[in-house]
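Engineer: Below is the sequence, then the predicted model.
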Amino acid sequence: MVGYVTLGTNNFERATKFYDALLAELGAKRFMELENFIVWGAGTPAGLLAVTKPYDGKAATVGNGVMVALAASSRAQVDTIYRKAMELGAKDEGAPGPRGDNFYAGYFRDPDGNKLNAFFMG
């Protein structure tokens, strides 16, 4: 099981505003907060998402082929999360829709270029 995922940012304030609003759609709020590191969660110490400025002081970069998948409770919630991401300045990487049998997802990149999706299985 994944405990948490950390994404790097070059604009900490912009990233935290983006994720405050986006993850609220999943019932998540700030779980832990340090000067350059914030973690969001929805009540359990697993499945957390964090944003940080890289510890080594170098620029954050996007990992090619790396993606964070946000579990939604319904297709409608996938649509809501995707729309919210677009409102917050995300870049479209694939509008919500079915992807194979019993898998529904929408794909986007956050303002730093990190790839995410919201998905529902069922």
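Structural biologist: Good, I have the coordinates.
Engineer: ok, now which residue in the chain is the farthest from the centroid?
Structural biologist: Counting by CA atoms, centre = their mean, the extreme residue of the chain relative to its mean C-alpha position is Asp101, 23.7 Å from that point.
Engineer: where does that one land in three-state SS?
Structural biologist: State at Asp101, reduced to three classes by DSSP: H, G, I helix; E, B strand; the rest coil: coil.
Engineer: I'd like to know how far it sits from Ala71.
Structural biologist: The spacing between Asp101 and Ala71, counted by CB to CB, to the nearest Å, is 18 Å. (C-beta placed from N, C-alpha, C; glycine too.)
Engineer: Low-confidence bits of the protein, can you list those?
Structural biologist: Where the chain drops to pLDDT under 70, the residues are 1.
Engineer: Next, name the residue at the spatial heart of it.
Structural biologist: Centroid-nearest residue in the chain, with CA atoms, centre = their mean: Leu116, separated by 5.5 Å.
Engineer: State the distance from that one to Val62.
Structural biologist: Leu116 sits at a distance of 11 Å from Val62 (criterion: CB to CB).
Engineer: shared neighbours, these two?
Structural biologist: Arg109 (CB atoms under 8 Å, 6 or more residues apart in numbering).
Engineer: Contacts for stretch 19-26 next, please.
Structural biologist: Contacts of stretch 19-26 from elsewhere in the structure, counted by CB under 8 Å, 6+ apart, are 29-30, 38, 40, 42, 49, 51, 70-72, 77, 80-81, 84-85, 88, 110.
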